[in-house]
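Undergrad: What follows is a predicted protein model with its sequence.
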Amino acid sequence: MQMAIDLNLDLVNVAPTAKPPVCRIMDYGKFRYEQQKKEKEARKNQKIVDLKEVWFRANIDEHDYQTKFRNVVKFLNEGDKVKASVRFRGREIAHASIGQKILDRLAQEVAEICSVERAPKLEGRSMIMILAPKSNT
């Protein structure tokens with residue numbers, strides 16, 4: 001304790017359960033500051049994966065499909081998951097196979113950059129498929 005006081009530093013108990021207890025002389029405030037800096041840097045480098053949603057219609061035109069397809073590719077390249085949905089209105093629900101074809105075509109066209117996390121499934125008045133980007137490792 002006297003050595004720590006003479007050096008104007010703190011005596012920190014590193015391993016209190018060891019026999020004998022292990023202590024270290026250090027500037028505890030500086031140590032805490034460095035730890036907080038490391039934690040902040042680790043949080044900054046984390047990638048938070050969002051779920052982006054892209055809506056299609058059962059009777060979508062080719063150009064509209066291409067526009068939405070480009071958005072899906074952009075979202076996947078940014079590392080986000082994509083929820084592709086086909087919305088059915090009125091009697092369109094009777095032709096769910098059309099929505100299935102749209103989602104299957106989308107999955108086939110983006111197969112090299114993503115994987116299908118959840119296959120197309122009809123839920124209420126919409127058919128939903130979830131795409132996840134392939135990892136770079």
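TA: Ah, there it is.
Undergrad: Let me see the backbone angles for residue 110.
TA: phi -110, psi 20 (degrees, to the nearest 10).
Undergrad: Can you give me the distance of it to residue 69?
TA: From residue 110 across to residue 69, the span is 8 Å (CB to CB, to the nearest Å). The C-beta positions use only the backbone N, C-alpha and C, and glycine is treated the same way.
Undergrad: do residue 118 as well
TA: Using CB to CB, residue 118 is found at 19 Å from residue 69.
Undergrad: which one of the two has more residues nearby?
TA: Counted by other CB atoms under 10 Å, residue 118 and residue 69 do not tie: residue 69 has more neighbours, with 17 against 12.
Undergrad: how close does that one sit to residue 115?
TA: Computed as CB to CB, the residue 69 to residue 115 distance reads 17 Å.
Undergrad: What of residue 134?
TA: 6 Å.
Undergrad: Domains in this protein, by residue range?
TA: Residue ranges for the domains of the chain, per automatic domain parsing: 2-44, 51-133.
Undergrad: want to try JSON lines for these, with mean pLDDT as columns?
TA: Output for the domains of the chain, formatted as JSON lines (pLDDT from 0 to 100):
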{"stretch": "domain 2-44", "mean pLDDT": "88"}
{"stretch": "domain 51-133", "mean pLDDT": "91"}
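Undergrad: which one of the ones you listed is the most hemmed in?
TA: Scoring the domains of the chain by mean neighbour count under mean count of other CB atoms under 10 Å gives domain 51-133 as the most buried, with a mean of 15.
Undergrad: Measure how far that one is from the centre of its chain, please.
TA: Distance of domain 51-133 from its chain centroid, counting by CA atoms, centre = their mean, to the nearest Å, is 19 Å.
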